[in-house]
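In: Sequence and computational prediction follow.
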Amino acid sequence: MAQQSHKYLFPDTNVFLDCRDLQELPWRDVVDLSEIILLIPSVVISEIDKLKGDGNSRRSKKARAISKLFRNLVNAENEELVIRNSNPKIIISFAPSQTINWQDFSDLDPNKPDHQLIAEAILLSKNGKEATIVSQDIGPLLQAKRKGLLAFEVPDAWLLEPETDARDKEITRLNKEILKIKINEPRLSLSFLDTKDPINDNQPLSKIKIVVNRVQELEEEEIESIIDSYKKKNPRETFEFDEPGKASFRRNRSKIEKYSEEYDEYLEKLQNYFEKLPKNLEFSTRTQAISLHLKNEGRSPAKDLIFKVEAFGGITLSKKQFWKEMEFPIPPESPEIVSASSYHSSMGLASVLAATSALPVRDYRNLLPITHPTHDPNAFYFKENFKHSYTEQVVLTCDDFRHKSEKFFNYFIEAFPKNNPQKGTIKVSISASNLPDQICQILPVEIDYSDVAIKELAPPGVFPK
């Protein structure tokens, strides 16, 4: 038996209307032969003629293009056209004229185009031209299967991209208009940055975690015992000097009295230090630095900008870190006791210094011009000054936050352990007169607690051994 050199394909109307150009389609997906002949059914010609005058949709335009192809085919020699020369060669031709006796097809409806296609394919097969039906629709594929005809389902890769309808086109148009407007708006962005970790400095934060060390206060007896130890370590000194009535006596007594007062103050400072030490150590762990980074990446400045930062859930904000490590008290230095002879020799220098200090000092500050700070429209100003060291809300304003500019706002978050809050929130709201929607960002704050012995956190050497 001779090997088949060509194949007849019977394309449905949707192959011409919904698929890419006939020349571009991978026809080898249907059959791997060197030549393929596309036979155009009469029902397809009728449907194309109906659609070519149906408005200006993509299907109508495609129908008019196919109708022009059919017109060229009518005028071609032997009513055949080669639309692709190789790989494989594609020839397009009209199917032979056939009269359908619908009494022979009692299960088919002559008013349905799909059934007309199937009836034509059956008659074509009986006349020795067995053709494969090519369609995307279920109707003809199902009928082909039931009638024992060959069929090929058009894959999605053959199809054109979905056509946008009037609604889609209107949405596209409106989106372009919105984009034009937004291009001329400020485009603000805000990020929370980590300033605590030196390795990840200024890295974006998604949340903050604060671990508060709770330190138990010292009992009065413990403080008294500690102070007694320091009294033994740094005892109050006693002195012997000139007889009363001598000039050096008065000077030495003044020094000793001052020393005694300073020593009493030293003991008071020790008392105060150990009373406040637990809270001071605790305070250092409930403070977290944070930086807010505001940028305007748009083409226009943000007008009348309001930048508001709020703290919720047992946390507060401060402009600076108020905690600092307490200075440990130092005992006063022992006074230098002078003899009567050394006292008189120093009087000459003292009289010179006294005379020099009596010279008048002229203040020239009133002669300088008085200057008043000018309002910078690009700067940020507090809407209300901080009334206290800590606050739950900060509001700043800027007349004109210029495009392509940025600003860092540095604050400290304080987690007060007296109410033992477990979580809090930092909320930042940004609005401007030429910004259609308010920008709002939230930063969660998690707070954990750890009970720590005071000696574990205290500076080395504070507690006597």
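Out: Sure, I can see it. Numbering: from 1, shown residues only.
In: what pLDDT, on average, does stretch 174-188 get?
Out: Averaging pLDDT along stretch 174-188 gives 76.
In: Please renumber the chain so that the first residue is 418 from this point on.
Out: Sure, I'll start counting at 418 from here, so that last one is stretch 591-605.
In: Within its sheet, name the partner strands of the helix or strand harbouring residue 550 and how each one runs.
Out: Take DSSP states H and E as the rule and residue 550 turns out to sit in strand 548-552. When pairing is defined by DSSP bridges, strand 548-552 lines up against strand 423-428 (parallel), strand 568-570 (parallel).
In: Name the surrounding residues that touch the very next helix or strand once past the shortest one.
Out: As assigned by DSSP H and E, the chain's next helix or strand after strand 568-570 is helix 583-600. Contact with helix 583-600 is made by 581, 715-716, as judged by Cβ atoms under 8 Å, 6 or more residues apart in numbering. No exception for glycine: its C-beta is placed from N, CA and C like everyone else's.
In: mind pulling up the phi and psi values for the nearest residue to residue 653 once chain neighbours are set aside?
Out: Leaving out its chain neighbours, the residue that sits closest to residue 653 by Cβ to Cβ, 6 or more residues apart in numbering is residue 680, at 5.3 Å. The phi/psi pair for residue 680 (degrees, to the nearest 10) reads phi -70, psi -40.
In: Just confirm residue 680 contacts residue 750, I think it does.
Out: No. Contact status for residue 680 versus residue 750: not in contact, 10.5 Å apart, counting by Cβ atoms under 8 Å.
In: picking that back up, kindly reformat the strands paired with strand 548-552 as JSON lines and extend each row with mean pLDDT and mean neighbour count.
Out: Putting the strands paired with strand 548-552 into JSON lines (pLDDT from 0 to 100; neighbours: other Cβ atoms under 10 Å) gives the following:
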{"stretch": "strand 423-428", "mean pLDDT": "90", "mean neighbour count": "21"}
{"stretch": "strand 568-570", "mean pLDDT": "95", "mean neighbour count": "17"}
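In: Could you export whichever helix or strand residue 479 is part of as CSV, CA atoms only?
Out: Following DSSP H and E, one finds residue 479 within helix 475-492. Taking C-alpha atoms only, helix 475-492 is exported to CSV below (Å, rounded to 0.1, in the frame of the first residue of the first chain):
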residue,chain,number,x,y,z
ARG,A,475,-12.4,41.7,15.9
ARG,A,476,-14.5,38.7,14.6
SER,A,477,-16.1,40.9,12.0
LYS,A,478,-12.8,42.2,10.8
LYS,A,479,-11.4,38.7,10.7
ALA,A,480,-14.5,37.5,8.8
ARG,A,481,-13.9,40.3,6.2
ALA,A,482,-10.3,39.2,5.8
ILE,A,483,-11.3,35.5,5.3
SER,A,484,-14.0,36.5,2.9
LYS,A,485,-11.4,38.3,0.8
LEU,A,486,-9.3,35.1,0.9
PHE,A,487,-12.3,33.1,-0.3
ARG,A,488,-12.9,35.7,-3.1
ASN,A,489,-9.3,35.2,-4.3
LEU,A,490,-9.9,31.4,-4.1
VAL,A,491,-12.9,31.7,-6.4
ASN,A,492,-10.7,33.5,-9.0
